[in-house]
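In: Below are the sequence and a predicted model; questions follow.
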Amino acid sequence: MIVVMKLTATLANIKNVIDKIESSGLFTTKIVGADQTVIGAVGDTGCIDRDTLSMFDGVERILKVQEPFKKANIAFKPTRTVVDICGVKIGGNKPVVIAGPCSVESREQIVSIAKSVKDSGAAILRGGAFKPRTSPYAFQGLEADGLKLLIEAKKETGLPIVSEITTSRLMDIFEESVDMIQIGARNMQNFDLLKEVGKSKKPVLLKRGFSSTIEEWLMSAEYILNGGNENVVLCERGIRTFETYTRNTLDISAIPAVKRLSHLPIIVDPSHASGKSWMSLPLSLAALAAGADGVIIEVHNSPENALCDGAQSVTPKAFDNIMDAINSIQGYLSNAKDMISE
């Protein structure tokens, strides 16, 4: 439920409405806009008499949120969320590019790639330290040592770092090590893990599960938001369909759909969506043209020798070409985002 206050509502009017809602056992969120204040109520709103609440001084109207996700809803928070990662803002006017290897393999590898992607224009460094893999025999990552190497790469380049967490038992080490915590596709509905990152103040990159609907994806974000962490970035990384030519099928339509349904920023992972390095350029441009707030691309200095996902990793030179292409359409992207947001 959303209570829209009048332009003339006083602080006392707003407090009275919040007190009334919270006295019924609900949680409230106050969103102060340039002109109006909106109060969101989360919980079993059936216990509130909306007719009575509408009679409170300063109340303009009361709206019911139809979708099951509340705090992630654009109706709940009409202003779009911008997530700040060490000064890098996802959801602003400029698309943000995150780049780096699927897995951290050595100090030389991660530092070399970090320097390269920074020179090309990447704003955030990605790197897997803990790797959930389909096969128990596949490379599982360097784990804690991998995070230490990511920190070294950050010291060398100044790039903020994002890495995937696989269990809530690792929260302490991730709180100390990374600037953004990634929830992978396999853990999108690991609700205990979502609750834990919801208690954190670290920005969260939430990937869509490969068999999940948009509503299920936003409900996973709701777990994090409900825990108090408002710094959530959604990541479309392809869904599982009947098509076998690509690793997954990139759901471009999810981008404008999320923009209509939610205030949360959304980025796209063309690497996991396609599984083919040569598709990263056209899919990145398509995603940004559709309104995405950024892309996350796998880059490896020797893809043929990569310990994980070499086929979908671009070389530093190919990544440089991708950045050139993105920069060349900056003017169009700005205009397109304005039109999509209308």
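Out: Here it is on my side, so go on.
In: Three-state assignment for Ile39, please.
Out: strand (DSSP: H, G, I helix; E, B strand; the rest coil).
In: thought it was touching Val32?
Out: No - in terms of C-beta atoms under 8 Å, Ile39 does not count as a neighbour of Val32; the distance is 10.0 Å. Yep, even glycine has a C-beta here, placed from its N, CA and C like the rest.
In: And the two? Which one has more around it.
Out: Ile39 (22 against 11; other C-beta atoms under 10 Å).
In: What score does the more buried one have for pLDDT?
Out: On pLDDT, Ile39 comes in at 90.
In: Using the three-state scheme, assign the closest residue to it other than its chain neighbours.
Out: Nearest non-adjacent residue to Ile39, counting by C-beta to C-beta, 6 or more residues apart in numbering: Val3, 4.3 Å away. Using three-state DSSP, the structure places Val3 in strand.
In: does Val3 have beta-bridge partners, and which?
Out: Bridge pairing for Val3 (DSSP bridges) gives the partners Ile39, Ile62.
In: Read off the pLDDT value for it.
Out: 91.
In: before we move on, what about Gly25?
Out: pLDDT, read off for Gly25, is 87.
In: Test my guess that it contacts Gly43.
Out: Yes - at 6.4 Å, Gly25 and Gly43 qualify as touching, with contact defined as C-beta under 8 Å.
In: neighbour-wise, which of those two wins?
Out: Under the neighbour definition other C-beta under 10 Å, Gly25 and Gly43 were set side by side, and Gly43 has more, 16 against 10.
In: ok, the spatially closest residue to that one that is not a sequence neighbour - contacts?
Out: Spatial nearest neighbour of Gly43, chain neighbours left out: Leu26 (3.9 Å); criterion: C-beta to C-beta, 6+ apart. Contact analysis of Leu26 by C-beta atoms under 8 Å, 6 or more residues apart in numbering lists Ala41, Val42, Gly43, Asp44, Thr45, Cys47, Ile48.
In: Help me confirm that the third one comes into contact with Glu22.
Out: So that's Gly43. No - applying C-beta under 8 Å, one finds Gly43 not in contact with Glu22, separated by 9.6 Å.
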